[in-house]
Structure formats: structure tokens, C-alpha cells
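> Return a 3D structure for these sequence lines:
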Amino acid sequence: MSKLIDLTMELHEGMPTYPSPWHPTVDIHQIGRIDMEHRRSYSVTLGSHTGTHMDSPAHMVKDGITIDQIPPETTVGAAKVLDFSHKGRGDKITLSDIQGVGVKLERGDRLIIKTGWYKEWGSNAYYDRWPWVTAEAAQYIVDAGVIFVAMDLPSPDDPLGDTGYGKASPIHDIFLTRGVILVEYLTNTLSITAPEVKIIALPLKVRGVDGFPSRVLVEQ
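This is a model prediction of the structure:
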């Protein structure tokens, strides 16, 4: 019997966000109260890359499609699981790792990269030298025709790389310039035990933005 696994981080006031000026903190403010307005309602302020979220090509590509233009068929369907749960702080996911994991990549594939790094969420370690994908490995994935990559990492890029304000993010660029849709900040990936699952990854349909928090479920 199949079961659903929720890979989505909970959004809440004070949650960690990437330590940069273009990643605002989360503000959740109640504006409607049962005892006063006879209804609950909230104002929610967050960045487009808060928690579990999807990157569209527009995140890095000047004329790339935006989050509302991503076909749902790209982000819903069968996904192959690449298990790198043996990788730890600062480890590279290399071309030989991708080739040696025993999963044949084919055109139209969706991938889930599983490392277990989400276990560091809420600590200073989470943003300190996460496992990352080398350029050769990323290029191999896009050359195989993969259309979607979801990962339990804050970024596929080298955390020690020079990717700050005004700088390129080379691994993002490899994926997004080829139209590959990315999901980052998955949680609970170690609950995935099957080599292939059905993934459902859907952001809100917000016009013209580069990314947005997404609910991500898998069925195995």
C-alpha cells in the first residue's frame, strides 16, 4: 500500500532564512481575531526563496520563464531518487557519484537528491558547508535531459564559492539556463526508501516572480 510523505518545511515566524539581504525574514501577523472581528486572518511577509521552495529559470536567467509559467506536468510525476545520504559537511556530489549511484538518467526525468542535510535545520551548521553538486555532475544531469531536480539542500552550489551579491551562482546557472526546474530545502527525505516515487511539487501561481515556497509530497 502506497503512502504520502511530506517533504515540506513548516513556515513560521522566526524561522531561519538564508543570511543575505535578498532573503527577508518571515513575518506572520494576525489581523483578524475571533473575539473582535469574528474571523481569523493573517498578514504574511516572506521572500520568494523561503523554506521549501521552487526556482524557475527567471531566478538567474534574464529571459527565463517565471514560476507561474512552469507547466505542472514538469513538477508532478515519477521521480528517481539519488541517495547520497553518506555525504556530509562540505562533501562534493561528483560526476562519478552520479554515475555510480546505479540510476540511469533519461530525457524527461525528475530527480530527488537525498542527503539528509535537513537534519541540521535550525542550527548554525545548516548554512555552513552543506554537500554540493560539482559543475561536471550538474552538466551531466542536464545533458541527460533531466527536467526537474529537487534536493534537501539550501543550494546546489559550493557554499565556499564566490556566489555573493552581484556574483554568479555557477551550478544554479547550469541547471536554470537549460530550463531545469529546481526545488531546494526539502525535509524528511530519509523517509524515502523507494528508488522511484511520485512527486507532487506545486508553488502558488504568483505572476512574474522567480520562485516561491512550494508544498512538496512524494508517494511511495
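> so where's the chain shaky on pLDDT?
162-167 (pLDDT under 70).
> hmm, try it at 90
Confidence mapping of the chain against pLDDT under 90 gives the ranges 1-2, 19-22, 124, 161-168.
> Residue 13 reaches residue 43, doesn't it?
No - in this structure, residue 13 is not within contact of residue 43 by C-beta atoms under 8 Å, at 11.5 Å. To be clear about C-beta, it is placed using only N, CA and C from the backbone, and glycine gets the same treatment.
> Overlap of the contact sets of those two?
Counting by C-beta atoms under 8 Å, 6 or more residues apart in numbering, the contacts common to residue 13 and residue 43 are 27-28.
> Quick check: bridge partners of the most centrally placed residue in the chain?
What sits nearest the mean C-alpha location of the chain, by C-alpha atoms, centre = their mean, is residue 184, with 1.4 Å. Bridge pairing for residue 184 (DSSP bridges) gives the partners residue 53.
> can you tell me which residues contact it?
49, 52-53, 55, 150-151, 153-156.
> try 7 Å this time
53, 55, 151, 153-155 (C-beta atoms under 7 Å, 6 or more residues apart in numbering).
> Narrow those to those in strands?
Among those, the ones falling in strands (DSSP state E) are 53, 55, 151.
> Make a markdown table out of those and add neighbour count and distance to residue 71.
Shown next, in a markdown table, are those (neighbours: other C-beta atoms under 10 Å; distance: C-beta to C-beta, whole Å):
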| residue | neighbour count | distance to residue 71 |
| --- | --- | --- |
| 53 | 24 | 18 |
| 55 | 28 | 15 |
| 151 | 27 | 21 |
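> Using a markdown table, lay out those together with distance to residue 20.
Listed next are the ones in strands among the contacts of residue 184 as a markdown table, based on distance: C-beta to C-beta, whole Å:
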| residue | distance to residue 20 |
| --- | --- |
| 53 | 15 |
| 55 | 15 |
| 151 | 19 |
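> Looking at these, which is nearest residue 84?
Nearest to residue 84 among those: residue 151, at 9.5 Å, using C-beta to C-beta.
> any idea how far the closest one lies from residue 33?
Distance, residue 151 to residue 33, using C-beta to C-beta, to the nearest Å: 39 Å.
> From what I see, residue 23 and residue 46 are in contact.
No - between residue 23 and residue 46 there is no contact under C-beta atoms under 7 Å: 9.5 Å.
> Can you point out the buried residues in stretch 153-163?
153-159, 163 (16 or more other C-beta atoms under 10 Å).
> Show me where the chain has its helices.
72-75, 95-100, 135-143, 170-177 (DSSP state H).
> How far off centre is the longest one?
Read it as helix 135-143. How far helix 135-143 lies from its chain's middle: 17 Å, per C-alpha atoms, centre = their mean, to the nearest Å.
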